[in-house]
Structures are given as structure tokens and as C-alpha cells.
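Novice: Here's a sequence, model it:
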Amino acid sequence: MAKSIMIQGTMSNVGKSILTAGLLRALRQDGLRAAPFKSQNMALNSYITAEGLEIGRAQAMQAEAAGIEPRAVMNPILLKPTCDTGSQVIVNGRVEGVCSAAEYYRKKKEYIPVILEAYRKLEQEYDVIVIEGAGSPAEINLREDDIVNMGLAELVDAPVLLAGDIDRGGVFAQIVGTVELLNQKERERVKGLLINKFRGDVGILRPGLDMLEERTKIPVCGVIPYVQLDIDDEDSLTERFRGRERTGVLDLAVIKFPRISNFTDFAPLECMREVNLRYVETVEEFGDPDAVFLPGTKNTIGDLLWMRQNGLEAKILRYAGRNKPVFGICGGYQMLGERICDPDGAECGGDVSGMGLLPVRTVFEPEKTTRRVLGRFLEVGGVFHSLEGKEMEGYEIHMGRTVSGGDGRPLLGIIRKADAEEPEPAGAQRKNVYGCYVHGIFDRAEVAQSVVSALMEAKGYDGRSVKTVDRDQYKERQYDLLADVVRKNADMERIYEIIEKGGEAVCGR
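Specialist: Got it, this is the predicted structure:
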């Protein structure tokens, strides 16, 4: 049976997902079969496994770091917020329904058998399971019937590393306060502390670390520096939205919807040296970009109305009227159409006109489409004509069914079934406006290269200078760099000892 270790945090966005990935990569490098696990994840950025099941993007990223195929058992419960007080509940990769926060809180204990069944499957196949917590274990209003932090650690008898974020300030108060709010049995389970996102000289920090160990009686197992690595994340607090200082000649704008999802679709473009990619949520920020992208969203109608109210829709319509390129993916694709109908309240209900840039109409249906797809670009017009014939792959996650008409043409030919003889037409294009349902459409190097080269040439530059980036190799390098950072700055010998001893010596044993 697998050993385990759990990484919990003093609050959201302390870097639990990345620390988990770094540890998984280090374990893999040491010859161990390791797998990620997060019992309950709340995220809009999700992923479709080879099984056609939906999990949090972080667990897919962590599986990649571990060198294994992402699977639904790695994230048995995924919550995708539909509003401030309700979420779509996905169990074992499939939609169970939508419920309010209060309703889910009342019934979450019923999911323990589901969680344990998923965990036991991994336990039988791997040497080590690295578990990620959620938020903070010190949320005393959520302690009862907890299934994701200390409650889960006790269920599977996992030792805990508690991580704090020094970059946001107050890390000593974060850690000491969290430990103080744990009961005695929970404190016994915390075997080590991690300081994450540190900038500066660790020597100057040493007196604080000594005092921290003295106050908590828990050893500090590492001070992890703040590093710039390009690794997929899923949190709405992601630093991707803040932008990075770049000197690329292309200015690409992604609309940052309130319910934005799968923003990692643009990571392949963002990592190219010619590109400055930024996220826009106001008219003032819009500027005059070289291309505009409308990403996925968990609430298509709500976010379309948000754009309509704040003036971004009008801005994009004028922009497209100048024959400038606009590309929509999933919810963004639906918005570019003529009409969006939600008769059964699959999202928020209603029937609204779309932006009218593509001749398609979308009707939401109760059943969710989740599948991986292969295909190629068909005859492509406009600025992205060089995409024609290029192969692509990705995955679909959507509630709507979109039908085409009018003067538009399909953008893609997709093979959705293994035994299909001919690709099905999908997506739409008209002039320099493009849309489709495929997440990850830019992941293949030749696709990203064609997009960037075309925009370079439209701007008067030589597009032949664009370098191809193999996305898989690029990500592998990033995971190796992350593991190097963890190894150099964490006490791996002590962490291995914690893994080996497991949850023993917990109070009452």
C-alpha cells in the first residue's frame, strides 16, 4: 500500500498546487511511482482525461509532473462555481448537479465513501500519494465534517506539511495562528513547516525560523524561493492575470471574464518570445491589440452581459469592424454567435442575443459534453489562413449545442470517435473572426507558431523568424526546474523520513 504525505496551506494561493507538483517530480526522479490526490477541488479551470472525465487542472498538471496519465480518481469531487453562492458538483468526473453552498455543506459528508474509494485505487497502484489540501485547515466554521484538509488526513492517516506564503506578508502569524487553531490531535499530524515564495537572504530570516520552531514545536522543512516558472495553474488568484514584463512585438489581449475558465489555453502563446499577452477587464485596458481572444467561462450569458454593461462588447465589435482578428474558445465562441438560449437553466437561464460576429446559435442542454478530440484545421480564411491543414488536439467541456448557418464556414474537422472515417465539421469562421469549442487548440507547436507568425506578418514583421516551441518538452523542463528548486531548498531527507513514518505518533496512539 502507498505511503502518503499531505501539503496544506495557511490560506488560499500559498502555492500548494505547485509545491505538490515539485515534490511529485522529485519523487519521480528518485525512481518512485507517485500520484497526486485532491479530494475536493473548487476551480473553473478544468481538464478532460483520456477517460472523458473532468478533473481540476491542477491535478492534471501534477500528474504530468509525476510522469503519469491524469485520471478522475485523482480529484473525485470538483466544484465549479456558477455564482457566489452555488456550484456545479462533479463527482468522479461527471456532473451530478448544481447546488447551493449551504446544501453542499449539509451533504458533503455523504461523499466520504466516494473519496475513499478513489484514494484506495491509487493506494494500490503507487508508492507515494502526495495529497493537496484546500484553503486552510484553520477555517473553524468548516472543520465539522471536513473532507479536504485535516478530516481527510485523518481518514487516510497522512502526515502533513503546512505551507505559508511569505510574499504576501505575515507568514509567521499565518503559521502560528493556523497551528494554534488546530486541536491537539491535528497539531500532532503536522510534521513540518514550509515557507514559500521567499525573496532575499535566508540568513536574515533564520531568527524568525528558530522562533517559529520554538513556538510551534514543529520543524521548518524548507524555505522555497520565489521563482518564475511557467507551470499551469487554475486558481482565480493566478499571477498570470497580473502580466509579465516582456519585450515581444505582439500585443495579445485576453478578456478576463468574471467566471473565466481554462485560461491555460493561452499558455503556449504566452511563452513565445514575440508575444506580450495580457488579461483585460475594462475598456481602458483594451488598447489596440494585434488580436483579441475570448476564453472559456462558466457563465456564458452572465459574462456576455457583463461585457455588454461595461462597454467591452462594443469595443470588440468596433475592433472586429476594422477587420482585426478575434478568436473565441468555448464560452467565448458562444458569445460571438447570434443567439444564446438557456431554456432549462443549465447555467443561469435566459435567452439573449450574442455579439453577432459568427453565424451560429447556441442552446444550452442539461447534459454536459466532455471529451478529448483530434482533428485538423479546414480551409481557413483571413489572417490565420496558414493554419489550413494543421493538425490539432484538445478537449471539449461545454453545456451548449451550437449550430451553424448563414455565410460562415466551419473552422475545424474533428474526429470525436475512434472509428470515425471522416472528420466532422466544427467551429466557425467569418472574415477575421474565429471560434471553436476545443480547449488546448494552441498546444501543438505548429499551431502556435502559425498563429504568431501570421500576426507578425500582419504587423509588417518577418513571421519566418518565429521559433517553434514543443509544448511537451517545454513543460518537462519546467517541472525539472521546479524539482531542482524543491531539492535545493527543502530538507528532502526529513521529508522522506516523514513519508516513511506516515501518520504514526499522532496523539492517542
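Novice: hang on, isn't K256 packed against R278?
Specialist: No. At 9.1 Å, K256 does not count as touching R278 under the criterion of C-beta atoms under 8 Å. The C-beta positions use only the backbone N, C-alpha and C, and glycine is treated the same way.
Novice: Report the rounded mean pLDDT for the helix or strand where E476 lies.
Specialist: According to DSSP states H and E, E476 maps onto helix 471-489. Helix 471-489 carries an average pLDDT of 94.
Novice: What of stretch 33-44?
Specialist: The average pLDDT within stretch 33-44 is 95.
Novice: Would you map the helices across the stretch 51-200 of the chain?
Specialist: Counting by DSSP state H, counting those that start in this stretch, the stretch 51-200 of the chain has these helices, from start to end: 57-66, 101-107, 112-123, 150-156, 171-181, 184-189.
Novice: Give me the contact list for the fourth one.
Specialist: Residues from elsewhere that reach helix 150-156, judged by C-beta atoms under 8 Å, 6 or more residues apart in numbering: 4, 6, 8, 39, 112, 115-116, 119, 123, 131, 133, 137, 143, 145-147, 158-160, 182, 185-186, 189, 503.
Novice: cool, and the third one?
Specialist: Contacts with helix 112-123, where a contact means C-beta under 8 Å, 6+ apart, come from 1-2, 4, 35, 37, 39-40, 72-74, 76-77, 91-92, 129, 147, 152, 155-156.
Novice: What residues of the helix holding E476 count as buried?
Specialist: R471, K475, Q478, Y479, L481, L482, A483, V485, V486, R487, N489 (16 or more other C-beta atoms under 10 Å).
Novice: now stretch 282-296
Specialist: Within stretch 282-296, judged by 16+ other C-beta under 10 Å, the buried ones are F286, P289, D290, A291, V292, F293, L294, P295, G296.
Novice: Which neighbours in the sheet does the longest strand seen in the chain have, and how are they oriented?
Specialist: What stands out as the longest strand in the chain, according to DSSP state E, is strand 360-377. Partners of strand 360-377 in the sheet, by DSSP bridges, are strand 339-342 (parallel), strand 391-404 (antiparallel), strand 412-415 (antiparallel).
Novice: For L205, find the nearest of those.
Specialist: Each of those has some distance to L205 by C-beta to C-beta; the shortest is strand 391-404, at 42.5 Å.
Novice: List the buried residues for that closest one?
Specialist: Buried-residue list, strand 391-404, by 16+ other C-beta under 10 Å: M392, E393, G394, Y395, E396, I397, H398, M399, G400, T402, S404.
Novice: in the sheet, who's paired with the second one?
Specialist: On the basis of DSSP bridges, E393 takes part in beta bridges with L374.
Novice: if I look at it, how far off is L78?
Specialist: Going from E393 to L78 by C-beta to C-beta, to the nearest Å gives 22 Å.
Novice: Please convert the buried members of the contacts of helix 112-123 into PyMOL selection syntax.
Specialist: This is how PyMOL selects the buried members of those, with burial counted by 16+ other C-beta under 10 Å:
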select buried, resi 2+4+35+37+39+40+72+73+74+76+77+91+92+129+147+152+156
